[in-house]
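Participant: What would the 3D arrangement of this be:
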Amino acid sequence: MPPTLASLVHHTALKLTVLAGEDRLETPVRWAHVSELADPVPYMDGGELLLITAMQLRAEDPEEMGRYVRRLVGAGVVGLGFAIGVKYDEVPPALVAAAKEEGLPLLAVPRRTPFIAISKAVSAAIAADQYRAVTAGFEAQRELTRAAIGAEGPAALLARLASHLDGWAALYDASGSVVAAAPDWAARRAARLTADVERLRARPAPASVVVGGDGAESAAEAAVSDRVELQTLGTGRRTRGVLAVGTGAPLGTAERYAVHSAVALLTLTTERSRALQEAEQRLGAAVLRMLLAGEPDHARAVAGRLYGSLLDAPFRMLVAEAAPGSSGSAGSAASGAKGATAGTASSAGGTAAPTAAGDDAPAEHPADTGSTPTAAGPAAADPLATLGDAMESAAARSGEAVLVVPDGGRLIVLAPDGGAAVAACAEHAGAIENRRGTATRPRERLAATAPGDDLVVGLSAPAGPIAAATAYRQAEQALSVARRRGRVLVEHEHVAAGSVLPLLADDAVRAFADGMLRALHEHDATGRGDLVASLRAWLSRHGQWDAAAADLGVHRHTLRYRMRRVEEILGRSLDDPDVRMELWLALKATSPATAP
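Facilitator: Got it, this is the predicted structure:
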C-alpha cells in the first residue's frame, strides 16, 4: 500500500497532530512538497501533502484562509502540514476553521520535526511500496511462466492471473472467439465483449482499450459491471489474439506487472518462432504439391502426424482470392495464413509460402497471379488472412487438422468435409453477403463491397487424396463462377444446378454480342422494321413461323421476309445451328437480366 496520512500520523518519530479532516486520513499521499507561495496551486500535481510555515500568508485572516484552502482542495492536495514555532506558536484558528469547512486534513508539525523528515518518510514509504509491487510482480511472473509451460497451457495461466488480480481473465483467438476463461463463469462475461474485441482487432497492433468503469472507451457498462482491460497479442501489426482482464478497480503496480507478463507469455505461445512457421509452410506446400502431382502415398508420408488425419477422410479443396480492386494482397495473405493443426494457434510472419505446385504438377496447378505484396494491415483490410484466421481458429477449437497454403495472390485450403473449418468459411461468406445487400448485378455487388469484404471463394466437392487434382480443378471452376456472378462463395456441387446465363455477364461477352447485333440495331433505328425483336421471337419459338408471328402480331410472311433481311444484313445463314446458338446467346447477353 502507498503511504497515507494515517501512516504518517502513526509514525512515532514525526509527532504529528491532527487538527482537521480526521475522516480523510486514509487518503494515499503521492508526495510531500514544501511551498511558501501564497498560491502554490500552479505547481501542484494532485495527491501531495503540502508543508508550510505561513511566512507569506496572513493565516489569521479567515477570508484569506478560506480562499487558500479552497484552492488547495481544488488542486487535489490531500493534506496540509503546518509548522508550529516558526511564525506562529499555534496553528491559527482561521486556518483550522477553513480546513474543517472544506474537509482538508490539517496536521500540526512540531518545531523539532523538520520538513525533510516528513519528506524522507513519504519517500521511503513510496519506495517500499514500489519494491513490494515489483517483488509481487516478479513472483506473479514466475507463477504465470510455470503455468504457461505446463500441460494445461493458457488455461492454467489465465487461472493464475485471475487469482492474482482478484478478478477474471479470458483469451480470444485471432477470429475474436473466446477460447479460454477463468473462472469458468467468466466465459459468459467475456462473450458479451465480442463487439469491443472486434473493434480492437481492427486497429494496428499493439493496442488496448478499457471497457466499463472510469475511462471506458465504449458504452459497454450495460454488458459488464466491472472494469475490463482488453490487450492485443502478437508481435506484428496483425492481432493474433486478445487478453481480457476484469477487476473491480483500476490495476495497481503489481497487477500491471502481472498483466504485462501474461501478455508476453501468451504472445510467445501464440507466436511461434519464424523458423517453425517457415518449416510448417514448406511442409504444407510440399503435401499439396504431391497431392496435385498425383502422389497421394508420398503426400501421406510427408504429412505425418501434422496433416495425416486430414488425408484419412474426405476433404474439400478451397481456392480463395481477393476480388478485383481488393485492398488485401498476396503478401498479407502469405504473412498471416499458413498450415495449422488442432491445438496450435495461428501465427504471424512476413515470409511468403513457397508455390504449392511444382514444375511437374498438372497444368491446372496454382499459379502466382502477379499481385503486388503490400505491408499487412489490420485484419479487416486483409480478406485472405481474415478467412484463413477464421478457418484455422474453427479447426483448432474442434480439434481437426486443416492445411492452409498461401500461393501468390490466392489462398488454398484443404479442410475435412463437413468439419468446422468449412462451416466457418460458409459462415464468413454469408456474413459478407449480408453486408453487401440485395444487389443482383455482379458490378453492383462489387461496388457495394466494403474494404476487407472483397473476397471470392470456390469450393470443390468432397474428395480423397487420389482425386486432389480434380478437386483443385473443381474449386477453380467454382471460383470462376463466383467471380462472374459477383458471389463470395460458390460450391462446385451447385454450379450445375444454376443457369449458364449469369456467366454471360462479362465485358468481353457483352462486347462480342454488341458487335454481332450492331448492324441489326442500326437497321431498326431507321424505322424500317423490328429485326431484333423478330429474331428473338423466332429463336425463342425454335423457328416455328406461326407461333413466332403470333407473338409479334404480324403475318408469317412478314416474319419470313424479316428473317431473310437478317441473313442478308449479317451475311450468315439461320439454317446453321451454330449461328442460331450464337445469336441467341448474344441476345441474352444484351438483355437487361444479364447485362452487367
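Participant: Apart from its chain neighbours, what residue comes closest to the residue nearest the centre of the chain?
Facilitator: By Cα atoms, centre = their mean, the mean C-alpha position of the chain lies nearest to residue 201, the distance being 3.4 Å. Distances taken as Cβ to Cβ, 6 or more residues apart in numbering place residue 239 nearest to residue 201, at 4.6 Å, with adjacent residues excluded. C-beta here means a position set from N, CA and C on the backbone, and glycine is covered the same way.
Participant: What's the local residue count around that neighbour?
Facilitator: 26 (other Cβ atoms under 10 Å).
Participant: quick one, helices of the stretch 401-550 of the chain?
Facilitator: 420-436, 442-447, 468-485, 492-495, 507-525, 531-540, 545-552 (DSSP state H, counting those that start in this stretch).
Participant: Mind listing what's buried along the fifth one?
Facilitator: It refers to helix 507-525. The neighbour-count check on helix 507-525 (16 or more other Cβ atoms under 10 Å) flags 509, 510, 512, 513, 516, 517, 520, 523, 524 as buried.
Participant: name the helices or strands packed onto that helix?
Facilitator: The helices and strands touching helix 507-525, judged by 3 or more Cβ pairs under 8 Å, 6 or more residues apart in numbering; DSSP states H and E, are helix 531-540, helix 556-570, helix 577-589.
Participant: quick check, distance from the longest one to the centre of its chain.
Facilitator: Spelled out, that is helix 556-570. 63 Å (Cα atoms, centre = their mean, to the nearest Å).
Participant: What is that helix packed up against?
Facilitator: Counting contacts by 3+ Cβ pairs under 8 Å, 6+ apart, helix 556-570 is packed against helix 507-525, helix 531-540, helix 545-552.
Participant: then the shortest one to CSV, C-alphas only?
Facilitator: This points to helix 545-552. Provided in CSV are the C-alpha atoms of helix 545-552 (Å, rounded to 0.1, in the frame of the first residue of the first chain):
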residue,chain,number,x,y,z
TRP,A,545,-43.2,-19.4,-88.0
ASP,A,546,-46.9,-19.3,-87.0
ALA,A,547,-46.2,-19.2,-83.2
ALA,A,548,-43.4,-16.6,-83.5
ALA,A,549,-45.6,-14.4,-85.9
ALA,A,550,-48.5,-14.6,-83.4
ASP,A,551,-46.2,-13.5,-80.6
LEU,A,552,-45.2,-10.5,-82.7
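Participant: relative to helix 556-570, how tilted is that helix?
Facilitator: 90 degrees (axes from the mean of the first three to the mean of the last three Cα atoms, to 10 degrees).
Participant: what's the angle from helix 545-552 to helix 531-540?
Facilitator: Helix 545-552 runs at 130 degrees relative to helix 531-540, counting by the same axes, to 10 degrees.
Participant: Ranking helices and strands of this protein by mean pLDDT, which lands last?
Facilitator: Lowest by mean pLDDT, DSSP states H and E among the helices and strands of the chain is helix 330-336, with a mean of 39.
Participant: Could you tell me the angle between the next helix or strand after that helix and helix 420-436?
Facilitator: Heading C-terminal from helix 330-336, the first helix or strand you meet, by DSSP states H and E, is helix 383-398. For helix 383-398 against helix 420-436, the angle by the same axes, to 10 degrees is 140 degrees.
Participant: and helix 383-398, average pLDDT?
Facilitator: Average pLDDT, helix 383-398: 84.
Participant: tell me which residues in it are buried?
Facilitator: By neighbour count on 16+ other Cβ under 10 Å, the buried set for helix 383-398 is 383-397.
Participant: what does stretch 84-94 give?
Facilitator: Across stretch 84-94, burial judged by 16+ other Cβ under 10 Å covers 84, 87, 88, 91, 92, 94.
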